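S.K.: Below are the sequence and a predicted model for it; my questions follow.
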Amino acid sequence: MTASKLLGALGAVAVVLNGCGGGGDSVETTTTTTKAPKPVGCEFTNVGNPPLDEEYKSPSDKATYHKYLADLDMEKLYDDIVGVMKTSESCWPADGPQDDDEASYAGLFGRLAWHCSGTLRIINGTSEGGCEGGRQRYWPERDWRDNDNLDKARAVLAQIKVMPAYQQLSWGDLMTFAGTVGLVDSGLPSAQFCFGRIDDDSGKESVMLGTEGIEDCELSKEECITHAPCQTSFHWPDQDPTDDPRCNLTQADGRQQGSHSVGLIYVYPHGPQLKASSPDYDETAVHQRSRKLSADEVRDTFKTRMGWTDQETVALIGGGHTLGRGHGNCANNPDPSKPCKGKYTTTAGYEGAWTRTPSKWNYDYFKAMLEEEWEPSQSPDGNDQWKTKSEDSDFSKTMRLTADLAVVTDPIYREWAVKYNEDFDLFNKDFADAWFKLTHRSAGHPNEKDLEDDAKKCTTFEFVKRAAPKVQFLTDAGISHTTGSVWGNNNKVALVGVAGLMSFVTMAAVFRRQSIQSTTPEGLEMM
């Protein structure tokens, strides 16, 4: 029996897929008008987007779950996730090839983990949200426009969840671990991770974070309420009054709104639009998005509403936008009768990668913004973004959002951007620390060390470092040194030994895929 037939027999309900997008975006669509058929769901869509009576439930009591974790083989779980991550599925192709890089779901898994964890709000010292509970797989979080196409990410990752060894693993642990695996396998030199997140059996605890609509609400009639648009909102002094209003922190009903719009994780990535009377208004530009005002709202959300320092904010944004890409290319789909996926995907409507190797850890993000001049542009789907002014730039195939450029526009943020561009080791350490903090705090475990103290199941990925091939790196002065990490302080790999490395990677991928297939539950067929 195939997986789809089995799931149908179990009575799993289908989840409406959100649009024709996918991938590494962390933002919303504003001007996309292109319509296309919705992609056919992946084999395990109903596992990653379950009904309330889901089949593969993790233990809800702490003692039972901790007993399961005690025997969890973290190295094997890592290898199985890497095998899935590097095997592109036709139902939702992995990114990479459209940017001349290898196919990988690393950016997609990173976005999945970030958006699940990024619901954390620390207001007046009280923590709310976070990925513990794994509630992104339920209404209301799975219906937020900022989470468009993450149903595909959970469907791909569900290949892990259905394996007998991991059926008791919580979605909160699986999503955050997969995001961290993507970073480590792509080349982040150091990271740590602790298990212990207990899953909720509904999205009820996320209602207070904000709901965009009630069409897919599975709760009681009294609980199915919508908070969009915000009851109280504002415009920045220099912002066009016809532009999207920003939600106030405290709403009229007393609810605390962490982001600037219900359905977003943080800010409007294209930034505020300037009013015509602003001294910075340029009528010759493609758009009037303000980098300065965008910096103000990045700080308002990250620091004031969510408790991040300026340094942590810069590190998180820089590392989070090293892998993956934005998707806004449905308009270029040559056959409108076919779904927009792969190179024609649309998620948030912004198109392009942030770096030249979006499937491999690198140091392009700050370098490109500090050394290049950026000018307003639009994606094929019509969203406001930025491109390098010089078409001959080494970074001409990359893009930036207004919220990205805010990082080198605000003087305090810029100081950290310069430091990270000059010291890769510092950037690696600060991002790894901030990522750990992001993915390990929640209402149930408000401090980043709480999971370690509670479940006592952690890893620093030493098994990856032991197995890493030695690779030589090329600097301006030539081959400088060897390292046990594929991406160290210099991001240009020497031609020496590349063929051997590719053979190693290919064999590893084949071995991991075979390992996955050998552990598939009896009677289920992999995609």
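M.R.: Great, that's in hand.
S.K.: Double-check residue 407 against residue 318; I have them as touching.
M.R.: Yes: Residue 407 is in contact with residue 318 according to C-beta atoms under 8 Å; the separation is 7.2 Å. C-beta here means a position set from N, CA and C on the backbone, and glycine is covered the same way.
S.K.: list residues touching both of those two?
M.R.: Listed as contacting both residue 407 and residue 318 by C-beta atoms under 8 Å, 6 or more residues apart in numbering are 366, 417.
S.K.: Check whether the residue nearest to the spatial centre of the chain sits in a helix, strand or coil.
M.R.: In the chain, the centroid-proximal residue (C-alpha atoms, centre = their mean) is residue 111; its distance is 0.8 Å. Look at residue 111: counting by DSSP: H, G, I helix; E, B strand; the rest coil, its state is helix.
S.K.: So residue 78 belongs to a helix, correct?
M.R.: Yes: the assignment for residue 78, made by three-state DSSP, places it in a helix.
S.K.: contacting residues around it?
M.R.: 181, 184-185, 461, 463-464.
S.K.: Closest to residue 212 out of the residues you listed?
M.R.: Nearest to residue 212 among these, counting by C-beta to C-beta, is residue 181 at 30.1 Å.
S.K.: Nearest residue to that closest one in space, please, no chain neighbours.
M.R.: The shortest distance from residue 181 to any non-neighbouring residue, by C-beta to C-beta, 6 or more residues apart in numbering, is to residue 81 (4.7 Å).
S.K.: What of residue 287?
M.R.: residue 384 (4.1 Å).
S.K.: right, and that neighbour touches residue 375 too?
M.R.: No: applying C-beta under 8 Å, one finds residue 384 not in contact with residue 375, separated by 11.8 Å.
S.K.: list the residues that contact both of those two?
M.R.: residue 286.
S.K.: Just want to know which of those two has more residues nearby.
M.R.: Higher neighbour count among residue 384 and residue 375: residue 384, with 23 against 12, using other C-beta atoms under 10 Å.
S.K.: Please tell me how far that one sits from residue 328.
M.R.: Distance, residue 384 to residue 328, using C-beta to C-beta, to the nearest Å: 11 Å.
S.K.: again with residue 290
M.R.: Following C-beta to C-beta, the distance that separates residue 290 from residue 328 is 21 Å.
S.K.: Provide the partner residues of the residue nearest to residue 287 in its beta bridges.
M.R.: residue 378 (DSSP bridges).
S.K.: Give me the pLDDT for it.
M.R.: Per-residue pLDDT puts residue 384 at 98.
S.K.: what's the answer for the one 3 residues further on, then?
M.R.: Reported pLDDT at residue 387 in the predicted model: 98.
S.K.: got a list of what it touches?
M.R.: Going by C-beta under 8 Å, 6+ apart, residue 387 touches 374-375, 377, 396, 399-400.
S.K.: rerun at 7 Å
M.R.: Residues near residue 387 by C-beta atoms under 7 Å, 6 or more residues apart in numbering: 374-375, 377, 399.
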